[in-house]
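**Q** Attaching a predicted model along with its sequence, questions to come.
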Amino acid sequence: MQIIKRDEEKGGVLRLGTEVVSDKEGTVAALLGASPGASTAAPIMLHLMEKVFKDKVASPEWQAKLKTIIPSYGTALNGNIDATEQELEYTSRVLQLKYEKPQAPDAAPQAQPQATSKPESKPVADIAL
């Protein structure tokens, strides 16, 4: 999907992808763009709920329910190795998958110097035009 959004500084900005739009009151919302895939559908719907049902999502009842459904809800997993590991183990257990924690390598591989051979030189004719 391609849309042009208003921008205070630039006038209009071209946006690509999937976009959640709603009215100011949060009474009407729509998902514009291509059909989202499995990896983006849940985050898009959570964003929609946070946008349209802002007060309800902030309530303790909704927070508890969201945490029950999505244990990592509200936790940044990027760069958080322990939290990511916990989620991978939980997901594997629920889906009855065998999960093996990745092992850190002993050390980064080191570059080995390689012998360089000189290229064969060929005489070049001296031609002046």
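**A** Received, thanks.
**Q** Run through the strands of this structure in chain order.
**A** Ranges of strands within the chain are 2-7, 11-16, 19-22, 29-32, based on DSSP state E.
**Q** Next, format these as TSV and append mean pLDDT.
**A** Output for the strands of the chain, formatted as TSV (pLDDT from 0 to 100):
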stretch	mean pLDDT
strand 2-7	79
strand 11-16	82
strand 19-22	80
strand 29-32	78
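**Q** In CSV: those strands, plus mean neighbour count.
**A** Glycine gets a C-beta too; all of them are placed from N, C-alpha and C. Converted to CSV, the strands of the chain look like this (neighbours: other C-beta atoms under 10 Å):
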stretch, mean neighbour count
strand 2-7, 10
strand 11-16, 10
strand 19-22, 14
strand 29-32, 14
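**Q** Would you mind putting those strands into a markdown table with distance to L97 alongside?
**A** Formatted as a markdown table, the strands of the chain follow (distance: least, C-beta to C-beta, whole Å):
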| stretch | distance to L97 |
| --- | --- |
| strand 2-7 | 38 |
| strand 11-16 | 34 |
| strand 19-22 | 31 |
| strand 29-32 | 30 |
